[in-house]
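**Student:** Provided below are the primary sequence and the corresponding predicted coordinates.
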Amino acid sequence: AAGVIQSPRHLIKEKRETATLKCYPIPRHDTVYWYQQGPGQDPQFLISFYEKMQSDKGSIPDRFSAQQFSDYHSELNMSSLELGDSALYFCASSVRGLAGLQYFGPGTRLTVT
Amino acid sequence: KQEVTQIPAALSVPEGENLVLNCSFTDSAIYNLQWFRQDPGKGLTSLLLIQSSQREQTSGRLNASLDKSSGRSTLYIAASQPGDSATYLCAGDGGAGNMLTFGGGTRLMVKP
């Protein structure tokens, strides 16, 4: 069965650089979520999209932005990177009308040096 | 604001033991409750989902229950194996399409 795809899987950037993370949800899933998991921490919700519109917003820094495109893939853009942005970034997708079970991608490990 | 707590933070048991992981949440308006497994540096594997109208779910050696009135969920692992060693996270949402709020996880070590 198709799963959530994230790319790249690993990314190394320097401080003040920009990074773009991509997420391809499971086909026919209409909702995409982004989570950030810092070292030794539990995942924290950043932002979600339903049918290409921003649905909910969590603790996402102003330096970050995200969008969902017409093909339902989503991108998380991170600018002016800081050392504290080093984390695992997970994307999840779900079908809003069906229980809400969220399926998680393998994550993108971002390291800021 | 929903807060989710997991006890214990870490647990070490000998192989073959039955064990219980606890998850508590502050807002009884929780809708779905998911249990995940995470291996070090890896992604989240969904183990069980308990929907709002349900009280428990079972998958193999795993059984999860949900008691909204007391704000608790438990994950029961029967006959633990070394391969069960991982961090177990519970997470709840306020409805389909809502964000998940995670607990801090329980780091489980099953010794051969």
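**Tutor:** That came through, no problem. Residues are numbered from 1 along each chain as shown, chains lettered A, B, ... in the order given.
**Student:** contacting residues around residue 14?
**Tutor:** If you meant another chain, say so; for now it's chain A. Neighbour list for A:E14: A:L81, A:V112, A:T113 [criterion: C-beta atoms under 8 Å, 6 or more residues apart in numbering or on different chains]. To be clear about C-beta, it is placed using only N, CA and C from the backbone, and glycine gets the same treatment.
**Student:** could you do chain B instead?
**Tutor:** Residues near B:P14 by C-beta under 8 Å, 6+ apart: B:V110, B:K111.
**Student:** rewinding a little: which among the contacts of A:E14 end up buried?
**Tutor:** Among the contacts of A:E14, the ones that count as buried by 16 or more other C-beta atoms under 10 Å in any protein chain shown are A:L81, A:V112.
**Student:** and the nearest residue to B:E3 once chain neighbours are set aside, its phi and psi?
**Tutor:** The shortest distance from B:E3 to any non-neighbouring residue, by C-beta to C-beta, 6 or more residues apart in numbering or on different chains, is to B:T26 (4.5 Å). Backbone torsions of B:T26, given as degrees, to the nearest 10, read phi -90, psi -30.
**Student:** again, but for B:G83
**Tutor:** The phi/psi pair for B:G83 (degrees, to the nearest 10) reads phi -70, psi -10.
**Student:** check the burial of it by counting its neighbours.
**Tutor:** 8 (other C-beta atoms under 10 Å in any protein chain shown).
**Student:** measure it to B:Q34 for me?
**Tutor:** Using C-beta to C-beta, to the nearest Å, we find B:G83 at a distance of 21 Å from B:Q34.
**Student:** A:S48 pairs with what?
**Tutor:** Residues in a beta bridge with A:S48, per DSSP bridges, are A:Y33, A:D56.
**Student:** that one: what's it in contact with?
**Tutor:** With C-beta under 8 Å, 6+ apart, A:S48 has these contacts: A:T31, A:V32, A:Y33, A:W34, A:Q54, A:S55, A:D56, A:K57, B:G97, B:M99.
**Student:** can you turn the buried part of those residues into a ChimeraX selection?
**Tutor:** To isolate the buried members of the contacts of A:S48 in ChimeraX, using 16+ other C-beta under 10 Å:
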select /A:31,32,33,34,55,56 /B:97,99
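**Student:** just the contacts of A:S48 now: which is nearest A:G40?
**Tutor:** Proximity to A:G40 was ranked across these by C-beta to C-beta; first place goes to A:W34, at 19.8 Å.
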